[in-house]
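*Asks:* below is the sequence, then the predicted model.
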Amino acid sequence: MFTRCVSFFALIALVSMISCSSQKPVAHHAPPAGIQPNAAPNAVREFRAAWVATVANINWPSKPGLSTGEQQKEAIALLDFLKEHHFNAVIFQVRPQADALYKSALEPWSYYLTGQQGRAPEPLYDPLEFWVKAAHERGLELHVWLNPYRAHHVAGGPISDQSLVKTKPGLVVSLKEGYWWFDPSLKETQDHGVNVVMDIVKRYDIDGVHFDDYFYPYPSYNKNEDFPDTASWKKYQQAGGTLSRGDWRRKSVNDFIERLYGEIKKEKKHVKFGLSPFGIWRPGYPSSVEGFDQYEELYADAKLWLNKGWIDYFSPQLYWPTSRLAQSYPVLLGWWSGENTMNRHLWPGISVGRDTSSVNTTEVINEIMISRGITPQSSGVVHWSMSSLTRNPKLSNALLEGPYKKQALVPPSRWLDNVAPVAPRIMLKKEPDAVIVNWTHENAGDVFQWVVYYQYGKTWCYQILNSGERSLSLKNGEGKNTLNSIAVSAVDRSGNESIKTTIFPDIVRIESRAAWNASEPRPYKQQVPVRITVHHEGGKVLSDTASAATRLKNIQTWCMGPDRKWTDIPYHYLIAPDGTVYEGRNPLTVGETNTEYDPSGHLLICFLGNYGQQKMDQHLLDVLARLIAHFCIQYKIDPETISTHRDHSKMTTCPGENIYPYFQNGYVKKTVRELLQQAQL
């Protein structure tokens, strides 16, 4: 006989005692044979990024010359906005014109920071280091965005003595609209560009390197005259070069892209390389497309880079609405998808206007949904630009309430790394109204994020947390739903998610009779509970979403016979298909069930529904075991007395063929004993 007097609070504090006293992870029960647990669904996967442009102070800082504190305050506001609106990446421009928004020995401090090229921020700090740390603290990837060939922008202030226009004059040419441009054909240009990128990759904990659409300059930058590289072109010809001038220019860019991808992977394989070229490769590809020819004008063979897999993600600037016939967003995205022969990420850049109209909001949402439809294995978009979101609350709120309602993990880059981290270890600490989930990992350096999944009733939710967070408080219940399951996984820098470590917290919540508007009970005769018997209600199948309270009211009107002038629930406690436990009769009242056995002394637990037809699941078995253990403690009942209606009545097959086997094979008793043993620790 189980005689030791242990309070119910000992049972519900079980997990707390294990985690706090012994620091051992909480044991959780494996599902019995034939039972599929209600596994947590995977978190949403989608790349959600925004460009933060620093050139001409488009997005940050708001103007040159702000103090360090003012710059940091503006940066935090932008990053907080992205986190709050469930973005997961920021593409931050760190090299707008051969200058640096970070501490560099290769190029001068940016004019856009201080208003004078070469002048450091005051007080001195490293903006990129600050942005990386702050982004990661908010669960955001940070990709550095560089312009590979622009040496000076017309909005970049006077050309300083530190400018590469003066320190490396042999590498640059002047354009007639006031820009200065590196000559991409020169090996020294390529060497310097690679050195700049690799300096960042080596020194900063970044997640990606990003180039936009500026390769050879747009023709308008030179008043529609040809790029002034005659000297280097003649030198190439004199050395025996046989390519046409256009192919020679394209080869210079191609060589740079291929070389840089290899250099990044040799140093840090997890750092993604992304390109955002002009959205049209060539007019006529596909046949309905008209417009600018980047292949001939910018000498950017973007299709080749995608075909060759020299990038990890590809974000063509598809800045046209879906209904623009000659540059249709879905038509172009579909064509680029067909060229993605190496199955890299295809995350288009979108920008359809900066007005706050409902039409614009609808267009943006439609483009996100089209991306999900065309690239379902790795969906995502990049928003141009940050200010289009922060200055348009109608749009940003519509995103948060619509396609970005749930947090999302960045899709995995399995060609970089396809080995998931090991699963974390979970410990729980019980508080009066909550459970504190704590977790550890044997290789924390392999973890970039955590996902904590939790289930109230039958509904799963999750939170994505950064690598520095190791705990989360979860309420014992939401409304009438009890916290039933918790799972934690680890995600690495390449997006691989570990197996989930799952636990079923020992929380027993019972909905009182008043909670389901029951009539007052009318005791028939008294008893002392000495055994626990499990029934099922029978009748029709009760779905998870059906109203259990309505069903209970129907049961309450069941007349127990002409000699019993009362209507009452014949069972003491009832378990609904969603796992909610309802109070029926007082346990000290005999729960007669109109069968051939006298149930005096039985504490009756009943499943609502027809378990000859409904399936049993791990969650319901777990609720049953916790409930039985609770009553074993409260009434000092020996778990050996656990039985079913079928054990006492030859006239019934109750409690149903989908319940009875777990009593027959000893699973229920074994689980209850384990709970009782742990409660005595």
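*Replies:* Structure received.

*Asks:* report how many residues lie close to the nearest residue to residue 604 once chain neighbours are set aside.
*Replies:* Once its chain neighbours are removed from consideration, residue 604 has its nearest residue in residue 591; the separation is 4.1 Å (CB to CB, 6 or more residues apart in numbering). Where you see a C-beta, it was placed from the backbone N, CA and C, and this is true even at glycine. Residue 591: 26 surrounding residues under other CB atoms under 10 Å.

*Asks:* make 29 the starting number, not 1.
*Replies:* Understood, numbering begins at 29; the last thing we discussed is residue 619.

*Asks:* residue 596 is in contact with residue 619, correct?
*Replies:* No - because the distance of 9.1 Å does not satisfy CB atoms under 8 Å, residue 619 is recorded as not touching residue 596.

*Asks:* for residue 333, what are its contacts?
*Replies:* Contact analysis of residue 333 by CB atoms under 8 Å, 6 or more residues apart in numbering lists 282, 285, 303, 339, 342.

*Asks:* possible to save the residues you listed as TSV with distance to residue 398?
*Replies:* What follows is the contacts of residue 333, written out as TSV (distance: CB to CB, whole Å):
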residue	distance to residue 398
282	30
285	28
303	21
339	22
342	16
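
*Asks:* in the longest helix belonging to the chain, what counts as buried?
*Replies:* Taking DSSP state H as the criterion, the chain has its longest helix at helix 273-295. Buried positions in helix 273-295, judged by neighbour count with 16 or more other CB atoms under 10 Å: 273, 276-282, 284-285, 288-289, 292.

*Asks:* so which strand or helix has the nearest residue to residue 132 once chain neighbours are set aside?
*Replies:* Distance criterion CB to CB, 6+ apart; nearest residue to residue 132, sequence neighbours excluded, is residue 227 at 6.8 Å. Element membership for residue 227, per DSSP states H and E: helix 215-231.

*Asks:* report all helices and strands that that helix contacts.
*Replies:* Under the contact criterion of 3 or more CB pairs under 8 Å, 6 or more residues apart in numbering; DSSP states H and E, the helices and strands touching helix 215-231 comprise strand 169-174, strand 208-210, strand 236-239, helix 273-295.

*Asks:* next secondary structure after the helix or strand of the chain with the lowest mean pLDDT?
*Replies:* Least confident element among the helices and strands of the chain, by mean pLDDT, DSSP states H and E: helix 42-45 (a mean of 32). Tracing the chain past helix 42-45, the next element assigned as helix or strand by DSSP H and E is strand 72-73.

*Asks:* how far off strand 169-174 does the next helix or strand after that next one point, in degrees?
*Replies:* Towards the C-terminus, the helix or strand next in line after strand 72-73, according to DSSP H and E, is strand 75-80. Strand 75-80 and strand 169-174 meet at an angle of 40 degrees, taking axes from the mean of the first three to the mean of the last three CA atoms, to 10 degrees as the criterion.

*Asks:* circling back to that earlier point, got a pLDDT number for the residue nearest to residue 132?
*Replies:* On pLDDT, residue 227 comes in at 98.

*Asks:* test my guess that it contacts residue 135.
*Replies:* No - proximity of residue 227 to residue 135 does not meet the contact threshold set by CB under 8 Å, at 9.3 Å.

*Asks:* break down the stretch 529-678 of the chain into its strands, ranges please.
*Replies:* For the stretch 529-678 of the chain, the strands defined by DSSP state E, counting those that start in this stretch occupy 529-531, 538-539, 559-564, 601-603, 609-611, 630-635, 671-672.

*Asks:* check the stretch 279-428 of the chain too.
*Replies:* 300-303, 341-342, 373-374, 377-378, 408-411.

*Asks:* partners of the last one, with directions?
*Replies:* Paired with strand 408-411 in the same sheet, following DSSP bridges, are strand 75-80 (parallel), strand 377-378 (parallel).

*Asks:* got the ones you listed as JSON lines, with distance to residue 130, mean pLDDT and mean neighbour count columns?
*Replies:* As requested, the strands paired with strand 408-411 are arranged in JSON lines below (distance: least, CB to CB, whole Å; pLDDT from 0 to 100; neighbours: other CB atoms under 10 Å):
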{"stretch": "strand 75-80", "distance to residue 130": "14", "mean pLDDT": "98", "mean neighbour count": "25"}
{"stretch": "strand 377-378", "distance to residue 130": "24", "mean pLDDT": "98", "mean neighbour count": "24"}
